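Colleague: Can you look at this prediction? I've put the sequence above it.
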Amino acid sequence: MTIIDEAKEIIEGDREKTYGNPGINLRRIADQWSCYLNQKHEVSIMLSEEDVCWMMVLLKMARQMHSHKSDNLVDAIGYVALIDKVGNRGAV
């Protein structure tokens, strides 16, 4: 199984059963992060579901720079795939 297959299996399988609809979950994360940035740094910003995905990809990149693990790559691919799955359509 390739890392692409693993990522697809994760975002289309148990992950959704565990955490719910990815669009709704990413929207909630975006709202929480926006609120934090607004309160902590007094900046008015509304992050999107896509922003959350890209920032999670950056987190996985930073971890991969420290320690090479296939989990980082699988998750990064999964977040990019979620951008396409969720898009700017909101919850799917």
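Modeller: On my side now, so go ahead.

Colleague: could you pull out the strands for this structure?
Modeller: Counting by DSSP state E, the chain has no strands to list.

Colleague: Show residues contacting the helix or strand bottoming out on mean pLDDT in it.
Modeller: In the chain, the helix or strand scored least confidently by mean pLDDT, DSSP states H and E is helix 14-19, which has a mean of 84. Under the criterion C-beta atoms under 8 Å, 6 or more residues apart in numbering, residues 22, 25, 78 lie in contact with helix 14-19. Backbone N, C-alpha and C define where each C-beta goes, glycine included.

Colleague: How about stretch 29-45?
Modeller: Under C-beta under 8 Å, 6+ apart, the answer for stretch 29-45 is 46-49, 51-52, 55.

Colleague: what residues does stretch 62-72 touch?
Modeller: Outside stretch 62-72, the residues that reach it (C-beta under 8 Å, 6+ apart) are 3, 6, 60-61, 73, 76.

Colleague: Report the rounded mean pLDDT for it.
Modeller: Stretch 62-72 shows a mean pLDDT of 96.

Colleague: Quick check: phi and psi on Met46?
Modeller: The phi and psi values for Met46, taken as degrees, to the nearest 10, are phi -120, psi 110.

Colleague: quick revisit: distance to Leu37 and pLDDT added to the contacts of helix 14-19, as JSON lines?
Modeller: Shown next, in JSON lines, are the contacts of helix 14-19 (distance: C-beta to C-beta, whole Å; pLDDT from 0 to 100):
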{"residue": "Pro22", "distance to Leu37": "22", "pLDDT": "94"}
{"residue": "Asn25", "distance to Leu37": "19", "pLDDT": "95"}
{"residue": "Gly78", "distance to Leu37": "24", "pLDDT": "96"}
